[in-house]
Structures are given as C-alpha cells and as structure tokens.
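# Sequence and computational prediction follow.
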Amino acid sequence: QGQLVESGGGLVQAGGSLRLSCAASGRTFSGYAMGWFRQAPGQEREFVAAITSTGSSTQYTGSVKGRFTISRDNSKNTVYLQMNTLEAEDTAVYYCAASPLTYYTPTSATSYNAWGQGTQVTVSS
C-alpha cells in the first residue's frame, strides 16, 4: 500500500518558520494528489493544504493563505509544507495524506486513502 513519513516538526516561536516534509515510498507518488491536515488537542482533524499530482494547482484553508506553501518534488517522492509567520493557533499534529484524485486538490479527509503518522508542531507565543 505504501508508506508516508513526515518530518520537520518542532518547537518554534510565534513569527518563526518551519518546513515539513513527507516522504512517500511503495507507491507511484506522481499519480497521487497530496494533502496536509492538522489536529490540535481536543479538536477534529482539519484540512490545511493540498496539491495536484503534477503540482499545477494548490488549495489552502483560509487561515493559512499567504503564510503556508505546499509544494512537491516528484523526483524525490516528497511533498513539503513551508510554514511562515507561525501563530500559536497553528500548534497541532500535522499529517500528510495521499489521494487517488490525481487532478484535484481534495479538502475532505475521506478523499485520502493513506496517511502518515504525524509530526508535532508547537508554536510558543
């Protein structure tokens, strides 16, 4: 089925930056749309960003627009989430996910059929 492994999380001060990476193995990475979701304590998992299989189109949730950038390198089987101007409200476990909806940027978790284990991002105010 394949595996997704996130990295790059950590503790950062408000206003700082982090770049998350998600390395995929065991699947044809370039055939999948990819997404990032996050889940804060006591809250439901929420959509953050998504990118089509070729990287031609992206989508973001409103609260991260202009601060976060999703990108991918199909030659490295990796998707990235560059997070700038971080806020305390961005504190959560971040998950990457793969969707067979190749040409779309799905925002619903039900559209994804593979998930990583998550990486913690903590923003101190």
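All right, it came through fine.
# May I have the phi/psi pair for the residue positioned nearest the centre of the chain?
In the chain, the C-alpha nearest the mean C-alpha coordinate belongs to Trp36, at 2.3 Å (CA atoms, centre = their mean). Main-chain torsions, Trp36, degrees, to the nearest 10: phi -120, psi 130.
# you'd agree it is up against Ile70?
Yes: between Trp36 and Ile70 a contact is recorded at 6.3 Å, counting by CB atoms under 8 Å. From N, CA and C alone the C-beta is placed, and that goes for glycine too.
# Spell out which residues are contacts of both of these two.
Common contact partners of Trp36 and Ile70 (CB atoms under 8 Å, 6 or more residues apart in numbering): Ala49, Ala50, Val79, Leu81.
# tell me which residues form a beta bridge with the residue nearest to the centre of the chain?
On the basis of DSSP bridges, Trp36 is bridged to Ala49, Cys96.
# quick one, strands of the protein?
3-7, 10-13, 18-25, 33-39, 46-51, 58-60, 68-73, 78-83, 92-99, 114-115, 119-124 (DSSP state E).
# just for the protein, where's the confidence low?
1 (pLDDT under 70).
# switch the cut-off to 80
1-2, 26-27 (pLDDT under 80).
# ok, the residue nearest to Arg45 when sequence neighbours are not counted - how many residues close by?
Nearest non-adjacent residue to Arg45, counting by CB to CB, 6 or more residues apart in numbering: Gln39, 4.3 Å away. Applying other CB atoms under 10 Å, we find 14 residues neighbouring Gln39.
# check contacts around Gln39.
Arg45, Glu46, Ala92, Val93, Tyr95, Gly118 are the contacts of Gln39 under CB under 8 Å, 6+ apart.
# And for Asp90?
Asp90 neighbours (CB under 8 Å, 6+ apart): Arg38, Val64, Met83, Val121, Val123.
# now do Gly55
Ser71, Arg72, Asn74.
# Kindly recompute the last result at 7 Å.
Ser71, Arg72 (CB atoms under 7 Å, 6 or more residues apart in numbering).
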